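Trainee: build me a structure from this.
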Amino acid sequence: MRQQRVVVLTGAGISAESGLATFRDAGGLWEGHDPMVVATPEAFADDPDLVQRFYDERRAALGQVQPNAAHRALARLEDELGTNLYLVTQNIDDLHERAGSSRVHHMHGRLRAAWCTSCGERHEWTSPLIGEPPCPSCTSATLRPDVVWFGEVPYDMHAIHEALWACDLFVSIGTSGLVYPAAAFVHYAIGNGTRTLELNLDASDGSSDFHESRRGRATELVPAWVDELLDR
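Mentor: Here you go, the predicted model:
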């Protein structure tokens, strides 16, 4: 009997328990900033120093947090399922990788990467981008955070859609159900007859769309679900 093919989507809720504040607060602000001021190409063109400083601070904060039990459980699931697990995250942190996951699809990019808008190359990056450091490939001072801003197309969308159409189970962990196109993944899965499960601290905007929705902390729900899946 073939192994079950599973697509897992993770959002800010899985990293919040590691101490990473979610960008969006109850008032819709990102760390006190209007997202239109720090997360659009137009904002970057208008005030690049403000945008670079915002992401430099977020990048530096990564060094102060560690993966939690939910990240580790998903790494354990990858060890067991191999390529039958497709892990896609809306998060731009690297906690999945540091927990041991080796095939993580960052649909919104990564904080610890920089993109040169002159030559198109992407580089691993851990230091500040403010001050216009040169691109390691072409030396142009045109590096920006390798993150997907509002108005830009998320990464790997074709591959994500293919995985959703081919999977047997879709699981959403710690997402708000507000940000598209990720909020529509449950509909792609259901349209293909796939079983869907949500693991969230609170009800999301899309909770009613799932076949099953469980409430609780990611550090408790995710390890328990992984154990349950692997025991079948």
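Trainee: please count neighbours and contacts with C-alpha atoms only from this point.
Mentor: Noted.
Trainee: quick one, longest strand in the chain?
Mentor: strand 109-116 (DSSP state E).
Trainee: can you list the strands that that one pairs with?
Mentor: According to DSSP bridges, strand 109-116 has the following sheet partners: strand 122-124 (antiparallel), strand 143-147 (antiparallel).
Trainee: with just CA atoms, put the helix or strand of the chain with the lowest mean pLDDT into CSV.
Mentor: Taking mean pLDDT, DSSP states H and E as the measure, the helices and strands of the chain show their lowest mean at helix 35-38, namely a mean of 80. The C-alpha trace of helix 35-38 is given here as CSV (Å, rounded to 0.1, in the frame of the first residue of the first chain):
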residue,chain,number,x,y,z
PRO,A,35,2.0,47.0,5.8
MET,A,36,1.6,49.3,2.8
VAL,A,37,4.6,51.3,4.1
VAL,A,38,7.0,48.4,4.6
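Trainee: mind checking which of the strands paired with strand 109-116 is nearest residue 160?
Mentor: Residue 160 sits nearest to strand 143-147 of all those, at 17.4 Å, using C-alpha to C-alpha.
Trainee: got a list of contacts for that closest one?
Mentor: Under the contact criterion C-alpha atoms under 8 Å, 6 or more residues apart in numbering, strand 143-147 has outside partners 52, 55, 92, 108-117, 122, 129, 132-135.
Trainee: how about the contacts made by residue 126?
Mentor: 59, 60, 112, 113.
Trainee: quick one: the strands in this protein?
Mentor: Under DSSP E, the chain gives strands at 6-10, 85-89, 104-106, 109-116, 122-124, 143-147, 169-173, 195-200, 212-215.
Trainee: quick revisit: could you check the angle strand 85-89 makes with the longest strand of the chain?
Mentor: 70 degrees (axes from the mean of the first three to the mean of the last three C-alpha atoms, to 10 degrees).
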